[in-house]
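Participant: Make a model of this:
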Amino acid sequence: MEKWSALIASGLVDATWLYAAAGLALLGLLLVLASVVALLRLRPFRFLSRLLAGVVALLIGALAALVAIGTAGYRALTQETIAATVRVEPMAPQRFRAVVRLPDGREASHDLAGDEFYIDAHILKWKPAANLVGLHTAYELDRIAGRYHSVKDEQASPRTVIALGADKPFDFFNLRRRYVVLAPLVDAQYGSASFVPVTRPTELEVRVSTTGLLIREQMR
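Facilitator: So this is what the prediction gives:
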């Protein structure tokens with residue numbers, strides 16, 4: 001509960017969808033109860049109409065909850081923006097340290113193996129039908145890793161991969177890939193990745209736009 005409260009406070013969970021889900025769920029339950037009362041009073045038309053309305057409200061509420069939970073950790077994207085700042089520092093041959101700072105203030109240091117710093121993200125591109133209710137292109141940084149120059153080293157040398165995504169029961173990105181029925185709402189057919197060599201201590205900016213990720217050296 002504390003984790004979800006923090007996500008809502010930081011804007012990484014849209015509270016509007018959670019409130020809508022709760023309100024629709026309550027309305028649906030009341031309508032279902034009202035349909036039971038109508039059935040007991042032998043009023044079949046009222047029973048069917050209230051039951052149908054209750055089921056529809058519950059289904060829409062479930063969809064709102066699905067969107068809220070499945071997009072936790074995603075950030076709205078309308079233009080190129082800084083998704084993270086990273087300080088990389090070589091520690092030994094094919095070993096370096098990466099200090100990652102996210103926009104919500106989280107910071108973590110990771111020791112990675114490889115010649116290059118690698119980062120990728122999931123990007124959700126909502127369709128016009130979803131735009132009408134306030135959903136727009138959004139992204140979530142998924143993982144960082146060390147990357148080797150040569151394929152041979154990639155196959156034989158140690159791999160280091162660190163997850164960056166928010167911890168949630170399911171991810172709408174993966175859900176969309178699994179269920180084609182969501183195609184009219186959102187496109188999740190691609191992710192985006194970028195990498196840069198680590199040869200000296202450097203401050204990097206990881207930027208994201210509607211076309212994907214890019215890494216730039218931070219300007220002094």
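Participant: CA atoms for contacts and neighbours, from now on please.
Facilitator: Noted.
Participant: quick one: contacts for Asp115?
Facilitator: By CA atoms under 8 Å, 6 or more residues apart in numbering, Asp115 lies in contact with 94-95, 146-149, 197-199.
Participant: now it: how far from Val100?
Facilitator: 17 Å (CA to CA, to the nearest Å).
Participant: ok, Leu24 - contacts?
Facilitator: Residues in contact with Leu24 (CA under 8 Å, 6+ apart) are 57-58, 60-61.
Participant: related to what we said a few turns ago, now the contacts of Asp115 as CSV including secondary structure and pLDDT?
Facilitator: What follows is the contacts of Asp115, written out as CSV (DSSP: H, G, I helix; E, B strand; the rest coil; pLDDT from 0 to 100):
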residue, secondary structure, pLDDT
Gln94, coil, 95
Arg95, strand, 96
Gly146, strand, 95
Arg147, strand, 95
Tyr148, coil, 96
His149, coil, 93
Pro197, strand, 95
Val198, coil, 95
Thr199, coil, 93
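Participant: ranking those by neighbours, who comes first?
Facilitator: Gly146 (28 neighbours; other CA atoms under 10 Å).
Participant: I'd guessed that residue sits against Ser157; true?
Facilitator: No: with contact defined as CA atoms under 8 Å, Gly146 and Ser157 do not form a contacting pair (10.7 Å).
Participant: low-confidence ranges in the chain?
Facilitator: 1-18, 66-79, 127-136, 168-170, 172, 179, 181-182, 186-190, 210, 219-220 (pLDDT under 70).
Participant: Tell me where this protein has strands.
Facilitator: Under the criterion DSSP state E, strands of the chain are mapped to 75-76, 81-92, 95-101, 107-113, 116-126, 138-147, 161-163, 186-187, 191-197, 202-209, 212-217.
Participant: Turn those strands into a markdown table, columns for distance to Asn174.
Facilitator: Listed next are the strands of the chain as a markdown table, based on distance: least, CA to CA, whole Å:
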| stretch | distance to Asn174 |
| --- | --- |
| strand 75-76 | 17 |
| strand 81-92 | 21 |
| strand 95-101 | 25 |
| strand 107-113 | 26 |
| strand 116-126 | 9 |
| strand 138-147 | 12 |
| strand 161-163 | 15 |
| strand 186-187 | 11 |
| strand 191-197 | 11 |
| strand 202-209 | 20 |
| strand 212-217 | 18 |
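Participant: So which of those strands is nearest Arg178?
Facilitator: Nearest to Arg178, of all the strands of the chain, is strand 186-187, at 11.9 Å by CA to CA.
Participant: Could you break this structure into its assigned domains?
Facilitator: Annotated domains of the chain cover 2-70, 75-217 [automatic domain parsing].
Participant: ok, Ser192 - contacts?
Facilitator: Neighbours of Ser192 in contact, by CA under 8 Å, 6+ apart: 120-123, 212-213.
Participant: can you rerun that using 6 Å?
Facilitator: 120-121, 212-213 (CA atoms under 6 Å, 6 or more residues apart in numbering).
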